[in-house]
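**Q** need the 3D shape of this:
(chains A and B)
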Amino acid sequence: MTTRLSPPGAGAPPSAATPSAATPPATASGRLPRARLGTVRTVLTIAALTLREASRRRVMLALAVLTVLLLTLSGWGFSRLAAESDSGGLTTGERLLASSEILNLVMFGLSLIAALGTAFLAGPTLAGETESGIALAVLARPIRRSAFLLGKWLGLVAFGSIYTVLAGLAQCVVVKVTADYWPPQPASALALLAAQVVVLLTLALLLSTVVSPMASGVVSVGLFGATWVAGVVGGMGVALHNESMEQVGAVSRIVLPTDGLWRGAMHGFQDPSVLLQLSGGDLAAFPFLSVSSLTGVYLAWSVVWVAIIWALAATSFQRRNL
Amino acid sequence: MTSPTPAAMAATATATDVDEATLRTTARLVEGLQPSPAVWSSGLRKRYGRRTAVEDVSLEVGRGQVVGLLGPNGAGKTSVIKMLLGLVRPDAGEVLLLGRPASDPAARARVGYLPELFRYQPWLSATEVLTLHIRLSGADVTARERQACLALVGLAERAGDRVGGFSKGMQQRLGLAVALIARPELVILDEPTSALDPLGRADVRDIVLDLRSRGVAVLLNSHLIGEVERVCDRVVILDRGRVAAAGTLRELLGQRELRLRLTDVSPAAHRCLTAVGSVERSGDWFTLVLPPDPADPDPDLGTGTGNGSGGAAADVVPGLVAELVGLGTRVHAVEPARISLEERLLGILRAGSADRPEDTR
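**A** Below you'll find the predicted structure:
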């Protein structure tokens, strides 16, 4: 037995919106800023919640321990390099080449830690909450799902970027103290490293709207690794003048901009004299040295890429049945 | 900047007066109107792949009304609730919450919800969970009210403890506090007592009755029929995604019975019995089915009037007994009885199964 109901009282307005003589109904222009204010409040609340989750779930502590371990090891390595150089075993050029390459290697380690940390945080924070039911009570509040997603994304971006910049800066200081080497463009290099993390966590966020939390972390880190390998293959292609191998690197950098941004970051960390010591072809074969800085077009593409992936994530999350 | 001309000022003043007068008249008219229902939905449909979870479900919860949602497992109760709250996208149908389309998130500003799957951020304390929901709802709730809300659900002592250390029952109590915290005008409770002990169930019952006394509408999904029967004004029974029956408890439980133990029943006394309603005899026991009283269409049945002594029975029974005694019948016992909601529910569901054998899983 089913009765189709007739619409509620034609003239009956919602009691919450009942106007009175003392309070005239809000105009469209008056309602809009309030709605925006609500959205901003939602975004900031969820971003702060995400940061608090990272802190309380001991993600920050785990990353801090790993980073200190990496910094200590690299400090010891750089001090050995300096000792070798001082004893006359290395020329100044060789020392700069070694310092640049090892610094890039350690930075790669740091970016890997950041990638793992954020990718495995992005998955559980969205897919985990929808799977466990935590999101049900939150999303039943008067908030838009896109605002909720933006809050999560901003929280993760803040977390990943702050970690990358702080850990990277600490690494630069360690190298300066132990080996007296300071990268030529530390600010832009650290910014590109942070951008690489943002690209990866945006991908993890998209994946977490469609697959399980664990799968989203595994797939995004796997893609990160695959793109890096493809970048190395592309570099070898340049060295060996093999066009097909070069294509592999070029295409992978477009499909997932992590490796392109990483190469831009490396360029900012390494000494410019390194490029003079090695010819272009040989240099390209080194996985931890970069031939050229990033172009504005590539940076713009990275921004567009993040915007597209975020929009896809928002659409997918909006359509999802919880 | 030039000053306005007298004519322009007069025109402005007239316009303002008209606007003011119109506004006041409109406000008076609007205040006289009935508020829109707390929940109004029509023709809701949802399919998951080839399986139909909800088909053409229409329901309404009036302001300050407590409506129970009943049905077997997989009847689509939780799907309907999630569609009302925008958590599941309906394939078809319309929903208004507190008079606003449910597609607008602002419609949920004064809605509290306790999900069937109640989980809250384990890394937050109970107080922090409530603070989060207060912020997201945009309500202006003081710290004292927050504390009072936790005390209401029995969590005052654990306010500062992490939710991760809470038992299931405590998490459900916290969920109840979350549903109540932002001054709701509509509260949707999906199996609110599934993890609670008998004391907790009684607490929930008291909370629902208190909400109703304050004019807050409640949509209650529960497997505990007794719970629904005690607190609900209306009941909607879902079966295989469709509304199998809906109405007030009086409408659903209209049929009532009278059991009498009689001896020396003459044919005249028997005629007297059959004149009132259909009679079944088992030895000395006579079961008389009484019709519902048309003069009492919608009495307040929310207070557990399970004794069957009101309405038709109240008028018919004393007269009948006097007549039987007058005809020389010896009356040993008179027991008013009412069909319980559980019996009615089972009857509806079994009838539904018999009508649609092709639908069986």
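**Q** so B:His56 versus B:Gly352, what's the distance?
**A** That one is not His; residue B:56 is Asp. 15 Å (CB to CB, to the nearest Å). Any C-beta I mention is one placed from the backbone N, CA and C, and that applies to glycine too.
**Q** output the contacting helices and strands for the longest helix along chain A.
**A** If you go by DSSP state H, chain A has its longest helix at helix A:145-179. Helix A:145-179 is packed against helix A:28-56, helix A:59-86, helix A:92-123, helix A:134-139, helix A:186-208, helix A:296-319, with contacts defined by 3 or more CB pairs under 8 Å, 6 or more residues apart in numbering or on different chains; DSSP states H and E.
**Q** now the fifth one: mean pLDDT?
**A** Same thing as helix A:186-208. Average pLDDT, helix A:186-208: 92.
**Q** quick one: buried residues of that helix?
**A** A:186, A:188-208 (16 or more other CB atoms under 10 Å in any protein chain shown).
**Q** where does pLDDT dip in the chain?
**A** The chain I'm using is chain A. For chain A, the stretches flagged by pLDDT under 70 are A:1-35, A:37, A:276-285.
**Q** that was the other one, I meant chain B.
**A** B:1-18, B:30-33, B:254-255, B:291-314, B:338, B:354-361.
**Q** ok, 50 please
**A** B:1-15, B:296-312, B:358-361 (pLDDT under 50).
**Q** quote the end-to-end distance of stretch B:56-75.
**A** 13 Å (CA to CA, to the nearest Å).
**Q** which of the helices or strands spans the residue of the stretch 201-350 of chain B found nearest chain A?
**A** Closest to chain A within the stretch 201-350 of chain B is B:Val243: 5.0 Å, counting by CB to the nearest CB. Using DSSP states H and E, the secondary-structure element containing B:Val243 is strand B:242-248.
**Q** sorry, back to before: how many residues are close by the residue of the stretch 201-350 of chain B closest to chain A?
**A** B:Val243 has 23 neighbouring residues, counting by other CB atoms under 10 Å in any protein chain shown.
**Q** could you do A:Val219 as well?
**A** When neighbours are counted by other CB under 10 Å, A:Val219 comes out with 17.
**Q** what's the answer for B:Arg281, then?
**A** 12.
**Q** can you pull the contacts of it?
**A** For B:Arg281, the contact set (CB atoms under 8 Å, 6 or more residues apart in numbering or on different chains) comprises B:Thr287.
**Q** go again using 10 Å as the cut-off
**A** B:262, B:265, B:270, B:273, B:287 (CB atoms under 10 Å, 6 or more residues apart in numbering or on different chains).
**Q** do I have it right that the third one meets B:Val276?
**A** So that's B:His270. No. Judged on CB atoms under 10 Å, B:His270 makes no contact with B:Val276 at a distance of 11.3 Å.
**Q** find the residue at the geometric middle of chain B.
**A** The centroid of chain B falls nearest to B:Val67 when counting by CA atoms, centre = their mean (1.1 Å).
**Q** what about the stretch of helix or strand that residue belongs to, distance to the chain center?
**A** Assigned by DSSP H and E, B:Val67 belongs to strand B:66-70. Centre-to-centre, strand B:66-70 and its host chain are 3 Å apart (CA atoms, centre = their mean, to the nearest Å).
**Q** what pairs with it, parallel or antiparallel?
**A** strand B:217-221 (parallel), strand B:234-239 (parallel) (DSSP bridges).
**Q** and the nearest residue to A:Ser273 once chain neighbours are set aside, how many neighbours?
**A** In space, and not counting its chain neighbours, A:Ser273 is closest to A:Leu96: 5.6 Å by CB to CB, 6 or more residues apart in numbering or on different chains. Using other CB under 10 Å, A:Leu96 is surrounded by 20 other residues.
**Q** quick one, what contacts the closest residue to A:Leu110 other than its chain neighbours?
**A** Counting by CB to CB, 6+ apart, A:Leu110 lies nearest to A:Ala167, which is 5.2 Å off, once chain neighbours are set aside. A:Ala167 sits next to A:63-64, A:66-68, A:70-71, A:107, A:109-111, A:113-114, A:190, A:193 when contact means CB under 10 Å, 6+ apart.
**Q** of those, grab the buried ones for PyMOL.
**A** Buried members of the contacts of A:Ala167, defined by 16+ other CB under 10 Å, are picked up in PyMOL with:
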select buried, chain A and resi 63+66+67+70+71+107+109+110+111+113+114+190+193
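**Q** after the helix or strand harbouring B:Phe286 comes which helix or strand?
**A** Assigning secondary structure by DSSP H and E places B:Phe286 in strand B:285-290. For strand B:285-290, the following helix or strand on the C-terminal side (DSSP H and E) is helix B:311-326.
**Q** which helix or strand lies directly C-terminal to that next one?
**A** By DSSP H and E, the next helix or strand past helix B:311-326 is strand B:330-338.
**Q** which element follows that next one toward the C-terminus?
**A** That would be, after strand B:330-338 and using DSSP H and E, helix B:341-355.
**Q** pull out the buried residues from that next one.
**A** B:341, B:344-345, B:348-349, B:352.
**Q** how does chain B divide up, domain by domain?
**A** Under the assignment automatic domain parsing, the domains of chain B span B:39-250, B:255-338.
**Q** any idea which of those is most buried?
**A** Highest mean neighbour count among these (mean count of other CB atoms under 10 Å in any protein chain shown): domain B:39-250, with a mean of 20.
**Q** can you give me phi and psi for the closest residue to chain A within the stretch 1-150 of chain B?
**A** Closest residue of the stretch 1-150 of chain B to chain A, CB to the nearest CB: B:Gly99 (2.8 Å). With angles defined as degrees, to the nearest 10, B:Gly99 sits at phi 90, psi 0.
**Q** surely it and B:Ala107 touch.
**A** Yes. Taking CB under 10 Å as the definition, B:Gly99 is a contact partner of B:Ala107 at 8.1 Å.
**Q** list the contacts for A:Ser302?
**A** A:Ser302 sits in contact with A:192, A:195-196, A:198-199, A:253, A:257-258, A:260-261, A:264, A:294, where contact means CB under 10 Å, 6+ apart.
**Q** beta partners for the residue of the stretch 201-350 of chain B closest to chain A?
**A** Applying DSSP bridges, one finds that B:Val243 bridges with B:Leu238.
**Q** again, but for B:Thr52
**A** Counting by DSSP bridges, B:Thr52 forms beta bridges with B:Arg47.
**Q** isn't it right up against B:Ala75?
**A** No. If you go by CB under 10 Å, B:Thr52 and B:Ala75 don't touch, sitting 11.7 Å apart.
**Q** shared neighbours of these two, anything?
**A** With CB under 10 Å, 6+ apart, B:Thr52 and B:Ala75 have common neighbours B:240-242.
**Q** turn these into TSV, including distance to A:Ser273.
**A** Compiled in TSV, the shared contacts of B:Thr52 and B:Ala75 are given as follows (distance: CB to CB, whole Å):
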residue	distance to A:Ser273
B:Arg240	77
B:Gly241	73
B:Arg242	78
